[in-house]
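> have a look at this fold, sequence not included:
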């Protein structure tokens, strides 16, 4: 076995994993399961399935392709499936037939151990339109107390109507795909509170060269601190490229997470660590009277960058105060200067990661956010809304997009949306929990959606 100097795999396999056929994508519907795998050179493949509680598998189909669909299944039932050729056999995978929303990019049953070396749930959606016209979508694998270090990347060549597996990045967590000078980059952590990494793809996302380390983390266990980030919009302002991050950890009782902003001159090489500047970590404080009484480790996390109506760059933070966001100002004259407290902003989507973008056509600000609708249910994430503001101070609901308030808020969630504006539409990728998810938080789907005519009559396609 030879070493390698890469970031991407197709697929990644731990060294103690036996060579098998690899099922790279599962999509369950109400009465069917779509399965895709990486071919191993065989001319024919046999697809086997059974209800999860049964012992014997049945042959579903024999095919010469590397994909198939098993039909005639029962909604609300778990199934086990595997693929075999004359050479290899895949691991047994699980899928539950039932309701889904949007177009499913990928699915992972909460009891499926295919990625247990990283996690059991799909997280950190990131969506990108490549200049050649196709879409890229990425998501990582997480679970509390697990390594959390694998990211999957998928591609669509038909504007999101269908998706196929592209590659995997290891280690990669909390990653954001973005374009710079026509090339695809990934900005991520190696694991939860691990190193901050950046890498580039030489071929539009199919492969990634080895990443470079921009900051060293400490993995943030036992109250120790490290790098935290989320897939947020990359902002170009005044000749620099900006992104948000934090320093801290959930288990840090002193201050939790401290806000930061990183930046690099657009003409500089993004893969040279010394070209990046970082603001010092800004801890939460009781900046004004209405904040009195909040603990120092109040949730200030997952900031989103946006330029306000006065042309200033702001970092708007998810914040642990009902229907409020905390706003910092970025000193764009000095990339090493600390963030300064700006104000507390009314915002109805503050208990989950959100992104804000300004529409270049209307000048309005938009967010596709998990809307907090009940002070007694601040953890509920079963209502996803399109929010609009003209001044980054006052927000209105432009449309409710996915409303499952009648369903159990403990088990259904639409969250952590990554979106961009394209013509008359908004395209977004959602971390979705439904149809037998472990919890609203521990999502089992990554789903793609389009909001048509978002400025005038928003309609979720």
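Arrived safely, thanks for sending. Keep in mind it's a predicted model, so treat the numbers as computed, not measured.

> average pLDDT for stretch 231-243?
In this model, stretch 231-243 has an average pLDDT of 97.

> how far does that stretch stretch from start to finish?
Chord length of stretch 231-243, first to last residue, is 9 Å (C-alpha to C-alpha, to the nearest Å).

> how far off centre is stretch 102-112?
Mean-position distance between stretch 102-112 and its chain equals 13 Å (C-alpha atoms, centre = their mean, to the nearest Å).

> now swap in stretch 62-81 and tell me
27 Å.

> how about that stretch: buried residues?
66, 68, 70, 73, 77-81 (16 or more other C-beta atoms under 10 Å). (Glycine included, C-beta is placed from N, CA and C.)

> just give me the closest of the residues you listed to residue 352.
Residue 352 has its nearest neighbour among the buried residues of stretch 62-81 in residue 78, at 27.9 Å by C-beta to C-beta.

> which residues touch the closest one?
51-53, 94-96, 109, 436 (C-beta atoms under 8 Å, 6 or more residues apart in numbering).

> neighbour-wise, which one of the residues you listed leads?
Top of these by neighbour number is residue 95, holding 29 neighbours under the definition other C-beta atoms under 10 Å.

> so what's that residue closest to, chain neighbours aside?
Leaving out its chain neighbours, the residue that sits closest to residue 95 by C-beta to C-beta, 6 or more residues apart in numbering is residue 28, at 4.3 Å.

> re the thing from before, hmm, which two among the buried residues of stretch 62-81 are most spread apart?
The most widely separated members of the buried residues of stretch 62-81 are 66 and 77, with 25.5 Å between them, by C-beta to C-beta.

> mind telling me what element residue 50 is part of?
strand 45-51 (DSSP states H and E).

> if we can go back for a sec, please flag which of the contacts of residue 78 sit within strands.
Under the assignment DSSP state E, the contacts of residue 78 contribute 51, 94-96 to strands.

> and stretch 179-191, how far out from the chain's middle?
14 Å.

> oh, that last question was meant for stretch 45-52, not what I typed.
30 Å.

> now stretch 145-153
12 Å.

> same deal with stretch 236-247?
19 Å.

> ok, stretch 152-168 next?
Using C-alpha atoms, centre = their mean, the offset of stretch 152-168 from its chain centre is 15 Å.

> ok, now stretch 142-153?
Distance, centroid of stretch 142-153 to centroid of chain: 12 Å (C-alpha atoms, centre = their mean).

> so what's the residue nearest to residue 248 when sequence neighbours are not counted up against?
Spatially, and ignoring its direct neighbours in sequence, residue 248 is nearest to residue 257 (3.7 Å; C-beta to C-beta, 6+ apart). By C-beta under 8 Å, 6+ apart, the contact list for residue 257 reads 228, 246-250, 299-301.

> mind doing that once more with 10 Å?
Applying C-beta atoms under 10 Å, 6 or more residues apart in numbering, we find residue 257 in contact with 193, 220, 225, 228, 245-250, 281, 283-284, 297-303, 317-318.

> filter those down to just the ones in strands.
Here DSSP E is the test, and those give 228, 245-248, 300-303, 317-318 as lying in strands.

> from these, pick the one nearest residue 214.
residue 245 (9.6 Å).

> I'd say that closest one and residue 227 touch.
Yes: using C-beta atoms under 10 Å, residue 245 is in contact with residue 227, at 6.2 Å.

> where do the contact lists of the two overlap?
Common neighbours of residue 245 and residue 227 (C-beta under 10 Å, 6+ apart) are 174, 189, 196, 214-215, 260.

> in a markdown table, list those along with distance to residue 349.
Formatted as a markdown table, those follow (distance: C-beta to C-beta, whole Å):
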| residue | distance to residue 349 |
| --- | --- |
| 174 | 19 |
| 189 | 24 |
| 196 | 26 |
| 214 | 29 |
| 215 | 28 |
| 260 | 22 |
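
> ok, so of the residues you listed, who is nearest residue 388?
Using C-beta to C-beta, these come closest to residue 388 at residue 174, 27.4 Å.

> was I right about the closest one contacting residue 140?
Yes: look at residue 174 against residue 140 with C-beta under 10 Å: they come within range, at 6.8 Å.

> what touches both of the two?
With C-beta under 10 Å, 6+ apart, residue 174 and residue 140 have common neighbours 123-124, 126, 148, 151, 188-189, 191-192, 231.

> just send these back as CSV, with distance to residue 160, neighbour count and secondary structure too.
Shown next, in CSV, are the shared contacts of residue 174 and residue 140 (distance: C-beta to C-beta, whole Å; neighbours: other C-beta atoms under 10 Å; DSSP: H, G, I helix; E, B strand; the rest coil):
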residue, distance to residue 160, neighbour count, secondary structure
123, 20, 23, strand
124, 18, 27, strand
126, 14, 26, strand
148, 27, 26, coil
151, 19, 28, strand
188, 23, 31, strand
189, 27, 29, strand
191, 29, 24, coil
192, 29, 25, coil
231, 17, 30, coil
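
> who does the closest residue in space to residue 124 that isn't next to it in sequence form a beta bridge with?
Once flanking residues are discounted, residue 124 sits nearest to residue 140: 4.6 Å by C-beta to C-beta, 6+ apart. Counting by DSSP bridges, residue 140 is bridged to residue 123, residue 151.

> residue 123 is in contact with residue 140, correct?
Yes: using C-beta under 10 Å, residue 140 makes contact with residue 123 at a distance of 5.3 Å.

> need the overlap of contacts for these two.
In contact with both residue 140 and residue 123: 148, 151, 173-174, 231, using C-beta under 10 Å, 6+ apart.

> quick one, domains of this protein?
For the chain, automatic domain parsing gives the domain ranges 8-96, 103-460.
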